[in-house]
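Participant: Attaching a predicted model along with its sequence, questions to come.
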Amino acid sequence: MTTTQTELRLAKRMSRLGTETAFEVLVRARALERQGKNIIHLEIGEPDMDTPANIVEAAVNALHKGFTHYGPSAGLPDLREAIAQDVAKSRGIKVGADEVVVVPGGKPIIFFTILALVEEGDEVIYPNPGFPIYESMINFLGAKAVPVQLREERDFRLDVNEVARLISDRTRLIIINSPQNPTGGVMTKRDVQDLAAAIGDRDIMVMSDEIYSRLLFEGEHYSIAAVDGFKDRTIILDGFSKTYAMTGWRMGYGVMRPDLAVHIARLMTNSNSCTATFTQIAGIEAIRGDQSEPEKMRQEFQRRRDVFVKGINQIKGFSCLSPKGAFYTFPNIKQTGWPSKKLADALLDEAGVAALSGTAFGAFGEGYLRFSVANSVQNIETALDRVDEWAKKNL
Ligand SMILES: Cc1ncc(COP(=O)(O)O)c(C=O)c1O
């Protein structure tokens, strides 16, 4: 038996590291399930569909062919080329393979970008409510986290005037995310152009998290990298997790100027060596192969969104905009009179519906819950019935 005799002395920075509550709620929900409770999972941020068979097949073949060794830190040249062509086409910009760095998931691009560009004390503007890893990483690396509030009155689109007011001489990086987690808000082309105009020719970089860009229900995705003069100042974050239902494969990428790509690849050399090579071969198939499966998934998410939004708007105390992208809904729960975290806990414990408190996405998430629609229509309908019944009893 091991006995711990000394007190663990952690580095100070560890106290600044945040987390993603979704994983914790999932653990709590699983514990309730072990006690025999039936839980409907609307807390999870991943497609419930299987990875399309052609992609799985490509990975299996790659394993048999011996793609079981180290590869280049920046990614296999063929995959970098496939991504470059795909991003060039979808964003209407020129992209070379030397501007692509393949990493294990979209997340490392957040960490590496801040590590590579931001000094301690520099300011980083980021959306709040927003993906919690932005704030966590900014704080962890000793920079100043400057939240910009996303407001329901603006359909949760970034308010460019508010960003303009927050820009200072210390601003080094602005993080944007469209379609957005957790609100499903989408920036219009005009929003993106206005943001670029507000930044002007200041020496500020933009990390544009476009991981949900293929999960758009209206209009077309527009990247700030396509605005004149912005390609060199933008790091596009994208990946395979959401578009191709490949969350567990761990494969994402950043698109950035080549002189920055070299440094991001060096961070890969120092941390992961490389992304798993057989998964990268499957990534080429994902991009170049049949695109009907991801399109089917997108339509399915839209159908579920419609079912959920219609149902939740009929429940006492809840009101919900129809999100324009991603697979999340972000209903306003202020009329319930309950704080978000308490309500999320009660719905899990008493109604068997797992959702996330809006505050899991930052302080400005108070007054909201996030329900993912990455579950079947049948389960979504059951969840709505349960929330309705709970609301009738408790509100
Ligand atoms: C906005 C956003 N960016 C990045 C990621 C990270 O994706 P990955 O699982 O590929 O690391 C997520 C995942 O939930 C996300 O919601």
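Facilitator: Arrived safely, thanks for sending. Only a predicted model underlies this, so the values are computations on that prediction, with no experimental measurement involved. Residues are numbered from 1 along each chain as shown.
Participant: pLDDT wise, what is the closest residue to Val56 other than its chain neighbours at?
Facilitator: Excluding the flanking residues, the one nearest Val56 by CB to CB, 6 or more residues apart in numbering is Ala282, at 7.4 Å. C-beta coordinates here come from the backbone N, C-alpha and C atoms, glycine included. Per-residue confidence at Ala282 stands at 98 (pLDDT).
Participant: Could you verify that Ala282 is part of a strand?
Facilitator: No: secondary structure of Ala282 (DSSP: H, G, I helix; E, B strand; the rest coil): helix, not part of a strand.
Participant: if I look at Ile235, how far off is Met297?
Facilitator: With distances defined as CB to CB, to the nearest Å, the gap from Ile235 to Met297 amounts to 26 Å.
Participant: Compare the two (neighbour count), which wins?
Facilitator: Legend: neighbour count by other CB atoms under 10 Å for Ile235 and Met297, higher for Ile235 (26 against 22).
Participant: what is the rounded mean pLDDT of the helix or strand containing Arg172?
Facilitator: Assigned by DSSP states H and E, Arg172 belongs to strand 171-177. Across strand 171-177, pLDDT averages out at 98.
Participant: Run through who's touching the helix or strand that that strand is followed by.
Facilitator: Once the chain leaves strand 171-177, the next helix or strand it forms, by DSSP H and E, is helix 189-199. By CB atoms under 8 Å, 6 or more residues apart in numbering, the residues outside helix 189-199 that reach it are 157-158, 160-161, 163-164, 167, 174, 176, 178, 187, 206, 220, 222-224, 227, 229-230, 233.
Participant: that older thread, in the strand holding Arg172, what's buried?
Facilitator: Within strand 171-177, the residues that count as buried by 16 or more other CB atoms under 10 Å are 171-177.
Participant: Against the ligand - does the one helix or strand Phe278 maps to have any residue that ends up touching it?
Facilitator: Using DSSP H and E, the secondary-structure element containing Phe278 is helix 277-288. No: applying CB under 6 Å from any ligand atom, one finds helix 277-288 out of contact with the ligand, separated by at least 12.0 Å.
Participant: can you count the residues close to the residue of the stretch 101-250 of the chain found nearest the ligand?
Facilitator: For the stretch 101-250 of the chain and the ligand, the shortest gap (CB to the nearest ligand atom) falls at Gly105, measuring 2.9 Å. By the measure other CB under 10 Å, the count of residues near Gly105 is 20.
Participant: three-state assignment of it?
Facilitator: The three-state label for Gly105, taken from three-state DSSP, comes out as coil.
Participant: quick one, phi psi at Glu293?
Facilitator: Glu293 has phi and psi values of phi -60, psi -50 when expressed as degrees, to the nearest 10.
Participant: right, and it touches Pro47 too?
Facilitator: No: Glu293 sits out of contact with Pro47 when judged by CB atoms under 8 Å, with a separation of 10.5 Å.
Participant: Contacts for the helix holding Phe278 next, please.
Facilitator: The contact list for helix 277-288, computed with CB under 8 Å, 6+ apart, reads 52, 54-59, 61-63, 65, 67-71, 75-76, 78-79, 82-83, 86, 102, 240, 243-244, 246, 249-251.
Participant: Just the ones of those in strands?
Facilitator: Where these overlap with strands, as defined by DSSP state E, the overlap consists of Val102.
Participant: Which members of the contacts of helix 277-288 occur in helices, if any?
Facilitator: Taking DSSP state H as the definition of helices, the contacts of helix 277-288 contribute 54-59, 61-63, 78-79, 82-83, 86.
Participant: Which two among the residues you listed are spaced furthest apart?
Facilitator: Using CB to CB, those span at most 23.9 Å, a distance reached by Leu63 and Asp86.
Participant: More neighbours: these two, which one.
Facilitator: Relative neighbour count places Asp86 above the other of Leu63 and Asp86, with 18 against 15, counting by other CB under 10 Å.
Participant: Not counting sequence-adjacent ones, nearest residue to that one?
Facilitator: Ranked by CB to CB, 6+ apart and with sequence neighbours excluded, the top spatial neighbour of Asp86 is Ile287, at 5.0 Å.
Participant: Give me the neighbour count for that neighbour.
Facilitator: Here the number of neighbours of Ile287 (other CB under 10 Å) works out to 19.
Participant: What distance do you get for it to Arg80?
Facilitator: With distances taken as CB to CB, Ile287 is found 11 Å from Arg80.
Participant: can you tell if stretch 114-128 touches the ligand?
Facilitator: No: counting by CB under 6 Å from any ligand atom, the ligand is not contacted by stretch 114-128; separation bottoms out at 9.4 Å.
Participant: Relative to the ligand, which of the ones in helices among the contacts of helix 277-288 is nearest.
Facilitator: Checking the ones in helices among the contacts of helix 277-288 against the ligand by CB to the nearest ligand atom gives Ile83 as the nearest, at 13.9 Å.
Participant: Can you name the residues bridging to the closest residue to that closest one other than its chain neighbours?
Facilitator: Taking CB to CB, 6+ apart as the measure, Ile83 lies nearest to Val100, with 4.8 Å between them; neighbours along the chain are not counted. The partner list for Val100 in beta bridges (DSSP bridges) reads Val255.
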